[in-house]
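Asks: Predicted model, plus sequence, below.
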Amino acid sequence: MILLFSSRALFLGTLASLALTATARADIVGREADITDLRLGQKVYVDDGSCPAGQIKEVSGLRLGASGVERAKKCVDRKGKR
């Protein structure tokens, strides 16, 4: 009984961590025009060379405006390997 419970808990824990990892993954696109449906709070990184070396453009859904989600753009430090 304990073995069954621990294997079930291990399976559910693994499943939960995979789901969280998939949602935490950041999207990187080559052009800002490739961002089709930006949601509030979502962050998309644009690698178009418009930021200084070692940085990447971050586009995020700032607030809901009359014409849809308004975007905020800024250059942030690039994390990880390219």
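Replies: Noted; the coordinates are in hand. These figures come from a predicted structure and were not determined experimentally.

Asks: which residues touch residue 31?
Replies: Contact analysis of residue 31 by C-beta atoms under 8 Å, 6 or more residues apart in numbering lists 46, 48. Where you see a C-beta, it was placed from the backbone N, CA and C, and this is true even at glycine.

Asks: Look up how far residue 45 lies from it.
Replies: 12 Å (C-beta to C-beta, to the nearest Å).

Asks: Tell me where the model's unsure across this protein.
Replies: In the predicted model of the chain, residues 1-26, 80-82 satisfy pLDDT under 70.

Asks: Break down it into its helices, ranges please.
Replies: Here the chain has its helices, by DSSP state H, at 2-24.

Asks: mind listing the strands for it?
Replies: 27-29, 43-46, 55-65, 68-77 (DSSP state E).

Asks: Let me have these in TSV, extended by mean neighbour count and distance to residue 35.
Replies: Shown next, in TSV, are the strands of the chain (neighbours: other C-beta atoms under 10 Å; distance: least, C-beta to C-beta, whole Å):
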stretch	mean neighbour count	distance to residue 35
strand 27-29	14	6
strand 43-46	18	5
strand 55-65	15	6
strand 68-77	12	8
